[in-house]
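Enquirer: The sequence and its predicted three-dimensional model are supplied below.
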Amino acid sequence: MKLFKLTLTCIYLACSMGVGNAAPFPDHPIKLIVPFTAGGNVDISARTIAQGLTEQLGQSIIVENKPGANTMIGTDFVAKSPADGYTLLLAGAEGLAINPHVYKKVNYDALKDFSAVGLVGSFPFALVINPKLPVNNLAEFIEYAKARPGKLNFSSWGIGSTSQIAFEKLKQTSSIDLVHVPFQGAAPAITAVAAGDVDAMMVPLSVALPQASSGRIKILGISTEKRIASADSVPTLSEQGVPVVISGWQILVAPKNTPAVIIQALNQSLNKVINTESIRTSLIKGGINPAPGTPAQANTLIESEWSRWGKVAKDARISLD
């Protein structure tokens, strides 16, 4: 019995020493990977929340851009990083919901290789056209396009991008036929619309509003269920008879098998950051609707969006090597 008690005591002390010696998380800087070039809306969001997370966690959050292959380079980098919470990804629909349905070879599993930390927010799309087109609303645009099948075109910031898939959803819902013209980025894509080189585009509302206010493009509708305060004069696509409700989103994820206690710590800090008035204001200014929540809610969103965006991409027969 004495030997048994001594053994239990030794086990307890060993466990206590193990816990006591475990380094608190985080004990060194965290890398936040952005799978886009610097200066875009995802990069701006990343740097905004990185500042808040640095203050919350007491360690530097270093934003690192790894663009390329429709976000696959940065996404794959995080998927293959150690599952210790020190390498995170600010992901979107391209990397987690579209690429697996578009590319023949993807080196990561969007549904199995990541653990969601939490949702940062979402952003609506606006249907924009060149103002010289002789149409004033969505119904007239659809009528105009149907009278010219395959004669009009639309731009996006790349094949398989959310911009393209959102427009493909509009095409499928309204039975119109436009030719896709991909660009390297949202800025040149919407510039082409303003110049009249391209007829239309689905672009984040935050990008469309400044262009519309200067008369360079015309907004015909937005992809939300209801009108939004920042553009309450712009009707939704749905209220004009075309039920297209689709949004982009930004989710913070970590490599799969990252310890639950680390995921929870990151989630709590992320939610505090998003609920900070100055951070919320910055995100909203950048066109993001902040949406704090749980890791489970974020994982559920990834799964549902994987199916939704994937169906549109498959129906559009988008396929890349």
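Expert: That came through fine.
Enquirer: Distance check, the residue positioned nearest the centre of the chain against residue 317.
Expert: Geometric centre of the chain, nearest residue: residue 92, 2.7 Å, by Cα atoms, centre = their mean. Here residue 92 is placed at a distance of 22 Å from residue 317 (Cβ to Cβ, to the nearest Å). No exception for glycine: its C-beta is placed from N, CA and C like everyone else's.
Enquirer: try residue 31
Expert: Distance from residue 31 to residue 317, by Cβ to Cβ: 37 Å.
Enquirer: neighbour-wise, which of these two wins?
Expert: Per other Cβ atoms under 10 Å, whichever of residue 31 and residue 317 has more neighbours is residue 31, with 17 against 7.
Enquirer: Please enumerate the helices of the stretch 101-250 of the chain.
Expert: 138-146, 162-174, 186-195, 205-213 (DSSP state H, counting those that start in this stretch).
Enquirer: Deepest in the core, which of these is it.
Expert: helix 162-174 (a mean of 23; mean count of other Cβ atoms under 10 Å).
Enquirer: on contacts alone, who are the packing partners of it?
Expert: Other helices and strands packing on helix 162-174, by 3 or more Cβ pairs under 8 Å, 6 or more residues apart in numbering; DSSP states H and E, are strand 114-129, strand 152-156, strand 178-182, strand 200-204, helix 295-315.
Enquirer: So for residue 265, which of these sits nearest?
Expert: strand 114-129 (9.5 Å; Cβ to Cβ).
Enquirer: Please work out the angle formed by the directions of the closest one and strand 200-204.
Expert: 140 degrees (axes from the mean of the first three to the mean of the last three Cα atoms, to 10 degrees).
Enquirer: contacting residues for residue 243?
Expert: Each residue near residue 243 by Cβ atoms under 8 Å, 6 or more residues apart in numbering is listed here: 173, 237.
Enquirer: Which of the helices of the stretch 101-250 of the chain sits closest to residue 117?
Expert: Of the helices of the stretch 101-250 of the chain, nearest to residue 117 by Cβ to Cβ is helix 162-174, at 20.7 Å.
Enquirer: could you give the mean pLDDT of the closest one?
Expert: The predicted model assigns helix 162-174 a mean pLDDT of 96.
Enquirer: again with stretch 142-158
Expert: 97.
Enquirer: Figure out the length between the terminal residues of that stretch.
Expert: 23 Å (Cα to Cα, to the nearest Å).
Enquirer: And that stretch, how far out from the chain middle?
Expert: 26 Å (Cα atoms, centre = their mean, to the nearest Å).
Enquirer: so where's this structure shaky on pLDDT?
Expert: Residue ranges of the chain with pLDDT under 70: 1-22.
Enquirer: Figure out the helix or strand that the closest residue to residue 269 other than its chain neighbours lives in.
Expert: Leaving aside its chain neighbours, residue 269 sits nearest to residue 56 (4.0 Å; criterion: Cβ to Cβ, 6 or more residues apart in numbering). Take DSSP states H and E as the rule and residue 56 turns out to sit in helix 41-57.
Enquirer: And residue 88, by the same measure?
Expert: strand 87-91.
Enquirer: and the angle for that strand with helix 295-315?
Expert: Per the same axes, to 10 degrees, the angle that strand 87-91 makes with helix 295-315 is 50 degrees.
Enquirer: Paired strands for strand 87-91, with orientation please.
Expert: Using DSSP bridges, the strands paired with strand 87-91 are strand 30-34 (parallel), strand 247-255 (antiparallel).
Enquirer: List the buried residues in the last one.
Expert: Of the residues in strand 247-255, those buried under the neighbour-count criterion (16 or more other Cβ atoms under 10 Å) are 247, 248, 249, 250, 251, 252, 253, 254, 255.
Enquirer: now swap in stretch 171-185 and tell me
Expert: 171, 173, 174, 176, 178, 180, 181, 183, 185.
Enquirer: same thing with stretch 58-69?
Expert: Within stretch 58-69, judged by 16+ other Cβ under 10 Å, the buried ones are 61, 63, 65, 66, 67, 69.
Enquirer: partners of the first one in the sheet?
Expert: Which is residue 61. residue 30.
Enquirer: My guess is it contacts residue 54. True?
Expert: Yes: with contact defined as Cβ atoms under 8 Å, residue 61 reaches residue 54; the gap is 4.9 Å.
Enquirer: where does residue 59 land in three-state SS?
Expert: coil (DSSP: H, G, I helix; E, B strand; the rest coil).
Enquirer: if I look at it, how far off is residue 26?
Expert: For residue 59, the distance to residue 26 - Cβ to Cβ - is 4 Å.
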